[in-house]
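[1] give the three-dimensional model of this entry:
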Amino acid sequence: MLRTSVIIPSLERPILFKNLLDFLLQQTMRPYEVIVINHFFDRKLKTYEDIVKQYRKVIRIKHIINHSSLLARSYNLGIKASRRDIVLFLDDDVVLDRNLIEEHTKTYIKDPRVCGVQGSVIDIQEEDLKLPSWKRRYPWRKPFSGLEKYAFALTRTFRDIYLGKDDETLLRSGGNMSIRRSIISNFLVDENNVKCLGFEIELTLKILNANPQCVFRYNRKARVYHLKYPKGASRPWDFKSAYNYGKAILHNVFKFKNYLKPKGINIDIALEELFRTAYCIKRANTKPLALMLGERLGVAIGLGCSLIKNIARGYEQKPTSFKAITLTFDDGYLSVYEKALPTLETYDLKGAVFLISKLINGFFEGQRLLNLKHLKELIRKEWEVASHTRTHRKLVHLSTKEKAIEIIRSKDDLERELSINVQTFAYPYGAYDYASMFIAGKFYMFARTVYPGINYLDSWIGYNRYALKGTVVREKNIRRVKNEIKKVKDNGGWLILVFHNIADSVQEIPPDNIKRCWITYRRFREIIETIVESGIPVKTFNEIIFKKT
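    Residues are numbered from 1 along each chain as shown. Below you'll find the model as predicted:
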């Protein structure tokens, strides 16, 4: 029979911790041990020690003191101290179903491939529990409430990922999740993530990257009820905290501030981000009083400013002094080396080649692909090498685990073989969903689609960077591509052109070219000459990221 170690980080909430111990004693399958971790500066540390001493008579308890202020360190200390088959993580402010541990254990027994289980977390509003309302003492900070998670991690719009088959998932809530100790003992929570925001999914992706055979399941019957306690780390409760979180949000918004020339646009983007934040909070069904009021205020401000902006100049055409074109070549055909490289060298231009990492020096759709010698030569000539998954499978048709393996392992393969840092990713067939976007966002700086259009300022702010527009160039859409180049010249913006195979003549182009997107060498030269004549700078993604001239 599998036995369970329960890890509970707790801070200044001894009463809730004591209640949690009572719930654990009432379980149909009791835990083998309980590990509680406190910070050394906890003002109620003595109370915790008394509670532990009292309950040691009926349950095995380890009490560990964390001598740092890092929550991640608390998790890591608990992981190292655990001794049983399953490590169950619980928050201290939860109410447990009597069969919680039994349901977690059943999931592992039912499927030996399971490495982790995400239980159900049901939020209970503090009004329902008649807890004292700290929020009413600080009405002025309501517009800031809940925004910290948006500043440092993805909102629940991205984090609530239940994709794939048979409830396969990514771990998303440390308040009720379990992992096999044989797996978790080889991994630790990233202590650079100071507040552990989104650490659950990062941990899942690390495990999947090293153990692709692992499966993570969501068990709806393994339920806990989360008390919406008013003084939580993710809900600022004093003016100083609210101000600092507000600053962090704006810092995130202005990450690429060097491109924001007119000062008025800064304010415009900031307000738009706040509006999106409020909308995501609304989608998350997180409804304590402060969030409701803050959300309504944020939505009102965002909608009003968006309305004024749209009336004043329209949404799509955003004049900006920043102009750039990026030339990308998908799949890594040999014609990139034989035809594109000499042509671009003539004009002192560089491109970015997106590779299927398992098909290097192989064939794709009957055509020869680049080998390592070609790629090293491209890198020497300052071309960028980017990821296009391992096997070019359509990500939207894959399970969450398969998505993670395709996206992460491709980066690992390229970095190992070519000794480079891969920063950019392209979705095969341009198809993506929230799960693909989230995983790409954890490992890359940019991700590109094949949705046509020009990228304006807000396209590379925040998580829009993982759905960049890319205009596919094929033999019969040259006029349209030239019009896009003219728009960038006149109005500014970032145009990403997507090439595939370059054929010698029209006769070589396949009949289904709408799907395969080939172009003749004559047409390719015509596009490059149009770009050179326009005077628009041609930059790789790395030059955009690191602002190289």
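[2] tell me where the model's unsure across the stretch 101-250 of the chain.
    123-167, 193-198, 227-250 (pLDDT under 70).
[3] ok, 80 please
    122-170, 172-173, 190-199, 201-202, 205, 209, 212, 225-250 (pLDDT under 80).
[4] all strands in it, in order from the N-terminus.
    114-124, 176-180, 215-227 (DSSP state E, counting those that start in this stretch).
[5] so which of these is nearest Gly535?
    strand 215-227 (51.2 Å; Cβ to Cβ). The C-beta positions use only the backbone N, C-alpha and C, and glycine is treated the same way.
[6] report the buried residues of the closest one.
    Val215, Phe216, Arg217, Tyr218, Asn219, Ala222, Arg223, Val224, Tyr225, His226, Leu227 (16 or more other Cβ atoms under 10 Å).
[7] looking at this protein, which helix or strand is least sure?
    Across the helices and strands of the chain, mean confidence by mean pLDDT, DSSP states H and E is lowest for helix 148-152: a mean of 31.
[8] which pair of the buried residues of strand 215-227 spans the longest distance?
    Val215 and Leu227 (30.9 Å).
[9] can you give me the strands for the stretch 351-500 of the chain?
    So, for the stretch 351-500 of the chain - with DSSP E, counting those that start in this stretch - the strands run 352-355, 363-364, 367-368, 384-387, 424-426, 446-448, 471-472, 493-499.
[10] would JSON lines of the ones you listed with mean pLDDT, mean neighbour count and distance to Phe524 be doable?
    Converted to JSON lines, these look like this (pLDDT from 0 to 100; neighbours: other Cβ atoms under 10 Å; distance: least, Cβ to Cβ, whole Å):
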{"stretch": "strand 352-355", "mean pLDDT": "96", "mean neighbour count": "26", "distance to Phe524": "15"}
{"stretch": "strand 363-364", "mean pLDDT": "90", "mean neighbour count": "14", "distance to Phe524": "19"}
{"stretch": "strand 367-368", "mean pLDDT": "92", "mean neighbour count": "16", "distance to Phe524": "16"}
{"stretch": "strand 384-387", "mean pLDDT": "96", "mean neighbour count": "26", "distance to Phe524": "19"}
{"stretch": "strand 424-426", "mean pLDDT": "96", "mean neighbour count": "27", "distance to Phe524": "19"}
{"stretch": "strand 446-448", "mean pLDDT": "91", "mean neighbour count": "26", "distance to Phe524": "19"}
{"stretch": "strand 471-472", "mean pLDDT": "94", "mean neighbour count": "19", "distance to Phe524": "13"}
{"stretch": "strand 493-499", "mean pLDDT": "94", "mean neighbour count": "24", "distance to Phe524": "7"}
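[11] and those as a markdown table, adding distance to Phe329?
    Shown next, in a markdown table, are the strands of the stretch 351-500 of the chain (distance: least, Cβ to Cβ, whole Å):
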| stretch | distance to Phe329 |
| --- | --- |
| strand 352-355 | 5 |
| strand 363-364 | 13 |
| strand 367-368 | 13 |
| strand 384-387 | 10 |
| strand 424-426 | 10 |
| strand 446-448 | 12 |
| strand 471-472 | 12 |
| strand 493-499 | 5 |
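[12] centre-most residue in the protein?
    The residue lying closest to the centre of the chain (Cα atoms, centre = their mean) is Phe438, at 3.3 Å.
[13] quick one: the nearest residue to Leu88 once chain neighbours are set aside and Thr391, what's the gap?
    Spatial nearest neighbour of Leu88, chain neighbours left out: Ser178 (4.3 Å); criterion: Cβ to Cβ, 6 or more residues apart in numbering. Look at Ser178 and Thr391: by Cβ to Cβ, to the nearest Å, they are 31 Å apart.
[14] export the strands of the stretch 101-250 of the chain as a markdown table, with columns for distance to Tyr444.
    Formatted as a markdown table, the strands of the stretch 101-250 of the chain follow (distance: least, Cβ to Cβ, whole Å):
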| stretch | distance to Tyr444 |
| --- | --- |
| strand 114-124 | 24 |
| strand 176-180 | 26 |
| strand 215-227 | 22 |
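[15] hang on, the earlier thing: roughly how far apart are the residue nearest to the centre of the chain and Pro9?
    Distance from Phe438 to Pro9, by Cβ to Cβ: 25 Å.
[16] can you check Phe425 too?
    Distance, Phe425 to Pro9, using Cβ to Cβ: 34 Å.
[17] just Ile356 next, same as before
    Ile356 is 42 Å from Pro9, by Cβ to Cβ.
[18] repeat that for Val385.
    41 Å.
[19] over to Leu495?
    Taken as Cβ to Cβ, the span from Leu495 to Pro9 is 48 Å.
[20] what sits against Ile439?
    Leu205, Lys403, Ala404, Ile407, Ile408 (Cβ atoms under 8 Å, 6 or more residues apart in numbering).
[21] which residues does the closest residue in space to Ser69 that isn't next to it in sequence contact?
    Once flanking residues are discounted, Ser69 sits nearest to His39: 6.4 Å by Cβ to Cβ, 6+ apart. Residues in contact with His39 (Cβ under 8 Å, 6+ apart) are Leu11, Ile65, Asn66, Ser68, Ser69, Ser74.
[22] what's the lowest-pLDDT member of those residues?
    Taken together, the contacts of His39 show their lowest pLDDT at Ser69, with 78.
[23] may I ask which helix or strand encompasses it?
    Using DSSP states H and E, Ser69 sits within no helix or strand.
[24] what of the one 5 residues further on?
    Assigned by DSSP H and E, Ser74 belongs to helix 71-81.
[25] picking up where we left off before, can you count the residues close to the residue nearest to Leu88?
    By the measure other Cβ atoms under 10 Å, the count of residues near Ser178 is 32.
[26] let's number from 2 now, not from 1
    Happy to do that; since the first residue is 2 now, the last one works out to Ser179.
[27] what distance do you get for it to Gly79?
    In terms of Cβ to Cβ, Ser179 sits 13 Å off from Gly79.
[28] shared neighbours, these two?
    With Cβ under 8 Å, 6+ apart, Ser179 and Gly79 have common neighbours Val88, Phe90.
[29] what ranges does the stretch 352-501 of the chain have for its helices?
    Using DSSP state H, counting those that start in this stretch, the helices of the stretch 352-501 of the chain run over 373-381, 401-419, 435-444, 479-492.
[30] need those in a markdown table (columns: mean pLDDT and distance to Ile202).
    Shown next, in a markdown table, are those (pLDDT from 0 to 100; distance: least, Cβ to Cβ, whole Å):
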| stretch | mean pLDDT | distance to Ile202 |
| --- | --- | --- |
| helix 373-381 | 95 | 31 |
| helix 401-419 | 90 | 10 |
| helix 435-444 | 81 | 7 |
| helix 479-492 | 92 | 36 |
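[31] adding distance to Phe90, write these out as JSON lines.
    Shown next, in JSON lines, are the helices of the stretch 352-501 of the chain (distance: least, Cβ to Cβ, whole Å):
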{"stretch": "helix 373-381", "distance to Phe90": "42"}
{"stretch": "helix 401-419", "distance to Phe90": "20"}
{"stretch": "helix 435-444", "distance to Phe90": "20"}
{"stretch": "helix 479-492", "distance to Phe90": "49"}
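[32] how about those, which one is nearest Glu103?
    Here helix 401-419 is closest among those (Cβ to Cβ), at 25.3 Å.
[33] need the CA coordinates for the closest one. PDB is fine.
    Provided in PDB are the C-alpha atoms of helix 401-419 (Å, rounded to 0.1, in the frame of the first residue of the first chain):
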ATOM      1  CA  THR A 401      -0.700  18.500 -22.600                       C
ATOM      2  CA  LYS A 402       2.200  16.200 -21.900                       C
ATOM      3  CA  GLU A 403       2.900  15.600 -25.600                       C
ATOM      4  CA  LYS A 404       2.800  19.400 -26.200                       C
ATOM      5  CA  ALA A 405       5.400  19.900 -23.500                       C
ATOM      6  CA  ILE A 406       7.700  17.300 -24.900                       C
ATOM      7  CA  GLU A 407       7.500  18.700 -28.500                       C
ATOM      8  CA  ILE A 408       8.100  22.300 -27.400                       C
ATOM      9  CA  ILE A 409      10.700  21.800 -24.600                       C
ATOM     10  CA  ARG A 410      12.700  18.900 -26.100                       C
ATOM     11  CA  SER A 411      13.100  20.700 -29.400                       C
ATOM     12  CA  LYS A 412      14.900  23.600 -27.600                       C
ATOM     13  CA  ASP A 413      17.100  21.100 -25.700                       C
ATOM     14  CA  ASP A 414      18.000  19.200 -28.800                       C
ATOM     15  CA  LEU A 415      19.100  22.400 -30.700                       C
ATOM     16  CA  GLU A 416      21.000  23.900 -27.800                       C
ATOM     17  CA  ARG A 417      22.900  20.600 -27.200                       C
ATOM     18  CA  GLU A 418      23.800  20.000 -30.800                       C
ATOM     19  CA  LEU A 419      24.700  23.600 -31.700                       C
END
